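Undergrad: okay, predicted coordinates and the sequence, questions at the end:
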Amino acid sequence: MFDKLNEFFNQDPKRQDDYRDFERRYREDPNSISDEEAARRYRELMAHMEDDDEVDAQEEYEQVFARMTPEERRALARRYQEATRDPSRRYQGYRDDYDDERATSPRELARMTRRASKEDPDLLESLLGPNNPLNSTGGRAALAGLAALAARKYLGGRRR
C-alpha cells in the first residue's frame, strides 16, 4: 500500500513539504486553492494511487461530493453519462440502470470519478473547463478536498 505514492513523494525532496503546505492551506481556507491547483494536485495524486488506497478513501469521496449542490451533482452525472455514450471516450462508468437519484448520489459520483481518473484522465480535464460541473466552487472544493485527503492520509504518519 502507498508504494506508488512513496515513489512520487520521494522523487523530489521538497514535494512532501509542498503537499503539507497545500493540505494546510486547504484545511484553513479551501477557497485559497485555485481551480488550476486543485485539478493539478488531484491529477498528480490520483495518478499515483493504487486501487487499495482509493477503496480506503470511499467515505471521504462521498463526503466531498455531498458538499456539492444538487445541481452540480446532476451536471456532473450528466457529463459522465455523455462520456459513456461517446464512442471516442475510454470512460464507461455510467451504468445503464441508473435513475437520476442514484446517478447523482455522492457514492456513485465518487465511484464514477475514481473510474474516470483511471480510464480517461482527459475527461476530468474537460470537466474543469468553463461552464462545466467541476469548474464551480463545489467542484473545485471536491477536487481540492480529495487531493488534500490523499496527501493527509499519506503524509500523516511521516515526519520531516
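TA: On my side now, so go ahead.

Undergrad: can we go C-alpha only for contacts and neighbour counts from here?
TA: Fine.

Undergrad: flag the shaky bits of this protein, pLDDT-wise.
TA: 1-2, 50-57, 125, 128-138, 157-160 (pLDDT under 70).

Undergrad: can you give me the helices in it?
TA: 3-10, 15-28, 35-47, 51-56, 58-66, 70-85, 100-103, 106-119, 121-127, 137-155 (DSSP state H).

Undergrad: report all helices and strands that the shortest one contacts.
TA: Other elements packing on helix 100-103 under the criterion 3 or more CA pairs under 8 Å, 6 or more residues apart in numbering; DSSP states H and E are helix 70-85.

Undergrad: recalculate using a threshold of 10 Å.
TA: helix 70-85, helix 106-119 (3 or more CA pairs under 10 Å, 6 or more residues apart in numbering; DSSP states H and E).

Undergrad: identify each buried residue in it, please.
TA: Neighbour counts over helix 100-103 (16 or more other CA atoms under 10 Å) mark Ala103 as buried.

Undergrad: distance from that helix to the middle of the chain?
TA: 19 Å (CA atoms, centre = their mean, to the nearest Å).

Undergrad: neighbouring contacts of that helix?
TA: Contacts with helix 100-103, where a contact means CA atoms under 10 Å, 6 or more residues apart in numbering, come from 70, 73-74, 76-78, 80-81, 94-95, 97, 108-109, 112.

Undergrad: any of those buried? List them.
TA: Among the contacts of helix 100-103, those classed as buried by neighbour count (16+ other CA under 10 Å) are Arg73, Arg74, Leu76, Ala77, Arg78, Tyr80, Gln81, Tyr94, Glu108, Leu109, Met112.

Undergrad: now do the phi/psi pair for the residue lying closest to the last one once chain neighbours are set aside.
TA: Leaving out its chain neighbours, the residue that sits closest to Met112 by CA to CA, 6 or more residues apart in numbering is Gly93, at 5.5 Å. Comment: the main-chain dihedrals of Gly93 come out as phi -100, psi -10, following degrees, to the nearest 10.
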